[in-house]
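Q: below: sequence and its predicted model.
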Amino acid sequence: MGNQTIWKELFLSGLSDLPALQFPLFLFFLHIYLLTITWNMLIIVLIVTNSHLHVPMYFFIGNLAILDLCCSTLTVPRMLFDLHTRRRNISITSCITQVFFFIFLASSEIFLLAVMSYDRYTAICQPLHYIQIMHWKVCVQLGSFVWCLGFCYSLVHTLYALHLTFCASDIIESFFCDLPQLFQISCSDIYINVLLIFTLGAFLGVGSLILTFVPYIYIFKTVFKMQVRGNRTKVFSTCTSHLTVVFIFYGSVFFNYFQAKATHHFSADKVAPVFYTVIIPLLNPLIYSLRSQDFRIAFHNVSKKIFPKQYRLHPS
């Protein structure tokens, strides 16, 4: 340890070190970020302002939109800054802060997806008692629990990450700070950090995964017993939106943490983080809004108020 240099500042490797790709990547991800902000803000505004969307399912979709908005804002502006200026240095304090908020947002989304499964189970399998079970107070309590649990989970990992020292390298092989990349360049003993990931991850992560998928066993049993085909189609439409989000999110996260490391310019270990920090926050509002008739009606009503003249000239 005596001959090792302890780094006080770190550098992000970014998406690519090829100069010819810097500007095209900047324009591409700037466009995606602006669309992400627009779509998620639209979802939030529609849910808040439209009384027909003041139901538990859309309350949780609104929470998901907030998480996606925050997650994209946490990572993409820094990525755009690095692509534009090619200055990729980041202080260790800023890096650890980004780790905290990323784990907080990502874990909260995992817990929220489990709560959304329970909401769908209650609505489909116990429709007569749905209002009594999922009343406003319960929704707020579940939403608060999701955010608090994500905060506590992230705080534990961040507190132990504060003790890391970095001497193996000063280059983080990513475009943002995350625990696996910090472990790779740390010369500290990371046994406790890894143990926490496996123990807490197994308990909360696998537990959330089970709570997300088990309700669908009962949901599908109930759906197949329905006599009216129209009702069955409507229920499947609602469930497939949620399941699509779940599979995309879990698939990209698992790919990132379990695939073999690569070393080429735009390596596979950077594709998955791009997917769940940039692409998924854009896809989630599109998946829910395009498949939901309630959202389409709410958007139509808002547009009618904003552009009344156009609707008078072209009545639907």
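A: Good, I have the coordinates.
Q: what about the strands in this protein?
A: 9-12, 89-91, 171-172 (DSSP state E).
Q: so which elements touch the shortest one?
A: Strand 171-172 sits against strand 9-12, helix 179-185, with contacts defined as 3 or more Cβ pairs under 8 Å, 6 or more residues apart in numbering; DSSP states H and E. All C-beta atoms are positioned from the backbone trio N, CA, C, and that covers glycine.
Q: coming back round to it: now the strands of the chain in CSV, with mean pLDDT and mean neighbour count?
A: Listed next are the strands of the chain as CSV, based on pLDDT from 0 to 100; neighbours: other Cβ atoms under 10 Å:
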stretch, mean pLDDT, mean neighbour count
strand 9-12, 86, 17
strand 89-91, 88, 14
strand 171-172, 85, 20
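Q: what's the closest of those strands to residue 121?
A: strand 171-172 (40.6 Å; Cβ to Cβ).
Q: which ones are touching residue 239?
A: Applying Cβ atoms under 8 Å, 6 or more residues apart in numbering to residue 239 gives the contacts 120, 124, 216, 219, 223.
Q: now do residue 150
A: Residue 150 sits next to 103-105, 107-109, 111 when contact means Cβ under 8 Å, 6+ apart.
Q: ok, it to residue 95 distance?
A: The gap separating residue 150 from residue 95 is 20 Å, by Cβ to Cβ, to the nearest Å.
Q: how about the helices in this protein?
A: For the chain, the helices defined by DSSP state H occupy 19-49, 56-85, 92-125, 130-133, 136-161, 179-185, 191-200, 207-225, 229-258, 268-274, 280-291, 293-306, 308-313.
Q: indicate which one of these is closest to residue 6.
A: Distance to residue 6, taken as Cβ to Cβ, is lowest for helix 92-125 among the helices of the chain, at 10.3 Å.
Q: helices or strands up against that closest one?
A: Counting by 3+ Cβ pairs under 8 Å, 6+ apart, helix 92-125 packs on strand 9-12, helix 56-85, helix 130-133, helix 136-161, helix 179-185, helix 207-225, helix 229-258.
Q: burial check on residue 140, number of neighbours?
A: 11 (other Cβ atoms under 10 Å).
Q: contact partners of stretch 276-296?
A: Outside stretch 276-296, the residues that touch it by Cβ under 8 Å, 6+ apart are 29, 32-33, 35-36, 39-40, 42-43, 46, 52-53, 58, 61, 64-65, 68-69, 71-72, 74-76, 79, 102, 106, 176, 237, 240-241, 244-245, 248-249, 252-253, 256, 299.
Q: could you turn the buried ones of the residues you listed into a PyMOL selection?
A: Restricted to buried positions by 16 or more other Cβ atoms under 10 Å, the PyMOL selection for these reads:
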select buried, resi 29+32+33+36+39+40+42+43+46+53+58+61+64+65+68+69+71+72+74+75+76+79+102+106+176+241+245+248+249+252+253+256+299
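Q: re earlier: turn the contacts of residue 239 into a markdown table, including pLDDT, distance to residue 158 and neighbour count.
A: Shown next, in a markdown table, are the contacts of residue 239 (pLDDT from 0 to 100; distance: Cβ to Cβ, whole Å; neighbours: other Cβ atoms under 10 Å):
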| residue | pLDDT | distance to residue 158 | neighbour count |
| --- | --- | --- | --- |
| 120 | 90 | 32 | 22 |
| 124 | 88 | 38 | 22 |
| 216 | 89 | 33 | 18 |
| 219 | 88 | 36 | 21 |
| 223 | 81 | 42 | 18 |
